[in-house]
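> No letters, just coordinates:
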């Protein structure tokens, strides 16, 4: 069985029972756990402690989970930290916005703690790259270092932008439809009416500058 190998997970959740349940199961799975009960405190802990993973509730006091996600993913110091959002079933719009802000996955409440642990493991596995590189024109990817360069200059991408670019470069010359990308990059099992692929492609092109024309 896989273990957490001492990786640190930050839980940003204002419901004590939910935070305690998650913390108990994550510690059993071998992870180190820190918690924060509001968005502002959670953001500060994420910046100060540099966790390996963040579980983020959407409905938080002082600062919403969406705002916390937006700030973390727009900061190069924290953009690569995977984020799993906790959402209520009625908050589909917020969930989609959160994914477009760069969240890696979401779980709806009520949830199974075992499912959360499995999803975290899956996200960590997706982030484990072999020691190889990809290149296309002026764009190069160091998969082991999770680093993208354009004309030898480092370009900072969110984890989802990186996965999207990697997938497109691995399949260069082949058309990739939105549904397939949603399934393989975002992990959706069914079609969701969202423009998240278009949004991420647009942002990716902007960050790559002139090299973005290759997409």
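Arrived safely, thanks for sending. Note that the structure is a prediction, hence the values are computed from the model and not measured.
> Which secondary structure element is home to residue 46?
helix 39-49 (DSSP states H and E).
> Residues contacting that helix, please?
Helix 39-49 is contacted by residues 8, 10, 12, 34, 36, 51, 54, 56, 60-65, 67-68, 71-72, 75, 77-78, 81 when judged by C-beta atoms under 8 Å, 6 or more residues apart in numbering. Every C-beta, even on glycine, is put in place using the N, C-alpha and C of the backbone.
> wait, is residue 54 part of a strand?
Yes: assessed by DSSP: H, G, I helix; E, B strand; the rest coil, residue 54 belongs to a strand.
> Quick check: the gap between it and residue 99.
As judged by C-beta to C-beta, to the nearest Å, residue 54 and residue 99 stand 14 Å apart.
> Same question for residue 143.
23 Å.
> Those two: which has the busier surroundings?
Per other C-beta atoms under 10 Å, whichever of residue 143 and residue 99 has more neighbours is residue 99, with 24 against 16.
> Who are the contact partners of residue 204?
Residues in contact with residue 204 (C-beta under 8 Å, 6+ apart) are 157, 161, 164-165, 212, 215.
> let's see 6 Å
Residues near residue 204 by C-beta atoms under 6 Å, 6 or more residues apart in numbering: 161, 165.
> Just the element for it, please.
Assigned by DSSP H and E, residue 204 falls in helix 196-208.
> List the buried residues for that helix?
Neighbour counts using 16 or more other C-beta atoms under 10 Å place 196-197, 200-201, 203-204, 207-208 of helix 196-208 among the buried residues.
> Tally up the residues packed near the nearest residue to residue 141 once chain neighbours are set aside, please.
In this structure, residue 141 finds its nearest non-sequential neighbour in residue 134, 4.5 Å apart by C-beta to C-beta, 6 or more residues apart in numbering. With neighbours defined by other C-beta under 10 Å, the count for residue 134 comes to 16.
> and if you look at residue 29?
Counted by other C-beta under 10 Å, the residues lying close to residue 29 total 22.
> So what does it look like in phi/psi?
When read as degrees, to the nearest 10, the backbone of residue 29 gives phi -80, psi 0.
> where do the helices sit along this protein?
Remark: helices assigned in the chain by DSSP state H are 16-28, 39-49, 65-74, 92-101, 113-126, 159-170, 178-181, 196-208.
> ok and the longest one relative to helix 16-28, angle-wise?
Angular relation of helix 113-126 and helix 16-28 on a 0 to 180 degree scale: 50 degrees, by axes from the mean of the first three to the mean of the last three C-alpha atoms, to 10 degrees.
> which residues are in contact with helix 113-126?
2, 21, 25, 29, 82, 104-105, 107.
> Same question for stretch 9-23.
Applying C-beta under 6 Å, 6+ apart, the external contacts of stretch 9-23 come out as 26, 31, 33-37, 42, 45-46, 51, 53-57, 60-61, 113.
> Show me how far it is from its chain's centre.
The gap between where stretch 9-23 is centred and where its chain is centred comes out at 19 Å by C-alpha atoms, centre = their mean, to the nearest Å.
> And it, what's buried?
When burial is assessed from 16+ other C-beta under 10 Å, stretch 9-23 yields the following buried residues: 9-14, 18-19, 21-23.
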